[in-house]
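Visitor: Predicted coordinates and the sequence they were generated for:
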Amino acid sequence: MSPSERNFDVLVVGAGLAGMVAAYEAVKRGRSVLLMDQEAEQSFGGQAFWSLGGLFMVDTPEQRRLGIKDSRELAAQDWFGSAQFDRPEDANPRKYAEAFLEFTSGEMRQWLYDIGMRWFPVVGWAERGGALSGGHGNSVPRFHITWGTGTGIVAPFERLLRKAHEDQKLEFAFRHRVSGLTMSDGQVVGVSGDVLAPDDALRGQSTNRDVIEQFEVGAEAVILTTGGIGGNHDMVRQNWPVDRLGQAPSKMISGVPDYVDGQMQVTAQKAGAAVINADRMWHYCEGVQNWAPIWPNHGIRILPGPSSLWFDALGNRMQAPCLPGFDTLSTLKRILSTGHDHSWFILTQKIIEKEFALSGSEQNPDLTLAKWIEVLKSRLGSGATEAVEAFKTHGVDFIVRDTLAELVKDMNELVPDTSLDFAHIRQQIEGRDSQINNKFSKDAQITAIRGARAYLGDKLIRTAKPHKILDPQNGPLIAVRLNILTRKSLGGLHTDLTGRVLDTADQPIPGLYAAGEVAGFGGGGYHGYNALEGTFLGGCLFSGRIAGQTA
């Protein structure tokens, strides 16, 4: 029997992580569930599959083994100092943030452990802030990389859902694109849309939009889990916060597949749903073009350690907190203030070997395969990881030269519309190098490097020993052109703490729920203005769980 010939208790639109969790929780309650997605079955798991699998968790055994003293209170100080909630419509996002902090410092780890997840023992220190203790940033390392990366997060839920399907408690409807919500007496009672032609394109690649028939499915409750807008650059620019960040970049690369287009959010708005905080978004400054792309305009984020020198498009070294790994949005604003949409890392071979990682499951095969021997070889052995070396060799944004004069010459050839002054670049690097002679320094970045190495995890695998950039024994020299990489929507459909979607009068729309990025990861934007990392997957897990438990 086709889905269009049945009614379901719960219909989940979007088979990414939030949708998988919502469907799983609804099945556990004995609800009849249909999980629907416009992509084919090979894309089950959505964006989460491609992620590094990092989860924000608080006061865990992994942290305690490394001597990290964390608490819900410290996490709340960091969260709300970063979120900077300042709008009347932030009431529900704030409630979601409070509830998530309870979850992530309480039952989250055990819940995930019980379904099979495990974590790399070195906890990462992401988004370090670099200003005041009450402001943005993580005071301590909290980024727990899941064994198997994003695939390791998707796999347990996929296993549970396929078992539910075998037991006839759940049905799938892939290649079903929802274009409308069915309303009756002000209540959502189902969805309608197009059945798309089959497509065997590999996961993440563009698929056809050929319509072969229409469908309509009834449901007591509809949960929207259709993701954000990062693959739709027109929509990103439409919502861009010019007043806070400056003019939107004329060129961006995509950190997500092109099906992440925000269209379900628009459909929900047409049915009366409210979208809040659409101008809050999270895009990375360290994007490089993928030399082996999977989706259109495919970019990869460099996850840098703290030692690369960061220059703007005009050749000026950026100051704290605009340092690698410290404050994403402050750095984004600083880069765009030049009137250009790119910036530069200048570093050494020693730095790239110790500090460069690339975001994504496909760029970290050792962690994705969860093989200790491979991790030890790639992370503690000589040289950079194979993925990083491949980008260094093949990536159009990478330049490797023996001397600074050659490096700057080729930087100018790569981006001829901004002429970098060699003498100015050299003077700034020489000034930085002069701070290496002592164990103390007035250079904020040098101080940050030494502070990072006080943490065992950073000293082992993420932070190079301080050294002089221009000393030939540390070379060759490397320059990396960095592009703006679109990634996450921090705002979205306004929901209450049970996952119900609210209308523009802040009243629930009966029968309609939302979770994941389409709902700003909870409430319509539980991050506020800034993310602490590991909170995107975590928000999908948390808000998906809530929606599935209540719809």
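Guide: Yes, it's here. Since the structure is predicted, the reported quantities are computational estimates derived from the model, not experimental observations.
Visitor: Could you point out the helix or strand that follows the host helix or strand of residue 144?
Guide: If you go by DSSP states H and E, residue 144 is part of strand 143-145. Per DSSP H and E, strand 143-145 leads on to helix 149-166 as the next helix or strand towards the C-terminus.
Visitor: Quick check: buried residues in stretch 195-209?
Guide: Buried residues in stretch 195-209, counted by 16 or more other Cβ atoms under 10 Å: 195-196, 199, 203-205, 207. For every residue, glycine as well, the C-beta is placed using N, CA and C.
Visitor: just stretch 31-41 next, same as before
Guide: Of the residues in stretch 31-41, those buried (16+ other Cβ under 10 Å) are 31-40.
Visitor: Which neighbouring elements make contact with whichever strand or helix holds residue 411?
Guide: According to DSSP H and E, residue 411 maps onto helix 404-414. Contacts defined by 3 or more Cβ pairs under 8 Å, 6 or more residues apart in numbering; DSSP states H and E place helix 404-414 against strand 398-401, helix 422-433, strand 477-489.
Visitor: Between those, which one is closest to residue 191.
Guide: strand 477-489 (21.4 Å; Cβ to Cβ).
Visitor: Pull up the pairing partners for that closest one, direction included.
Guide: Strand 477-489 sits in its sheet next to strand 253-254 (parallel), strand 281-289 (antiparallel), strand 342-348 (antiparallel), strand 398-401 (antiparallel), going by DSSP bridges.
Visitor: With respect to residue 442, which of those lies nearest?
Guide: Short answer: strand 342-348, nearest of those by Cβ to Cβ, at 20.4 Å.
Visitor: Beyond that closest one, next helix or strand please.
Guide: helix 349-355.
Visitor: Just the buried residues of stretch 195-209: which are in strands?
Guide: 195-196 (DSSP state E).
Visitor: What is the neighbour count of residue 171?
Guide: Applying other Cβ atoms under 10 Å, we find 19 residues neighbouring residue 171.
Visitor: Okay, angle between the helix or strand containing it and helix 149-166 too, please.
Guide: Assignment of secondary structure by DSSP H and E places residue 171 within strand 170-174. When axes from the mean of the first three to the mean of the last three Cα atoms, to 10 degrees is applied, the directions of strand 170-174 and helix 149-166 differ by 120 degrees.
Visitor: Quick one: mean pLDDT over the strand holding residue 144.
Guide: Regarding strand 143-145, the rounded mean pLDDT is 96.
Visitor: and if you look at stretch 421-433?
Guide: Stretch 421-433 comes out at a mean pLDDT of 98.
Visitor: Give me the contacts around it.
Guide: 309, 311, 315-317, 346, 404-405, 408-409, 443, 445-446, 468-471 (Cβ atoms under 8 Å, 6 or more residues apart in numbering).
Visitor: Show me just the buried residues among those residues.
Guide: Judged by 16+ other Cβ under 10 Å, buried ones among the contacts of stretch 421-433: 309, 311, 315-317, 346, 404, 408, 443, 445-446, 468-469.
Visitor: Just flag the most distant two among these.
Guide: Farthest pair in the buried ones among the contacts of stretch 421-433, by Cβ to Cβ: 408 and 446, 22.4 Å.
Visitor: Residue 48 and residue 152 touch, don't they?
Guide: No: applying Cβ atoms under 8 Å, one finds residue 48 not in contact with residue 152, separated by 10.1 Å.
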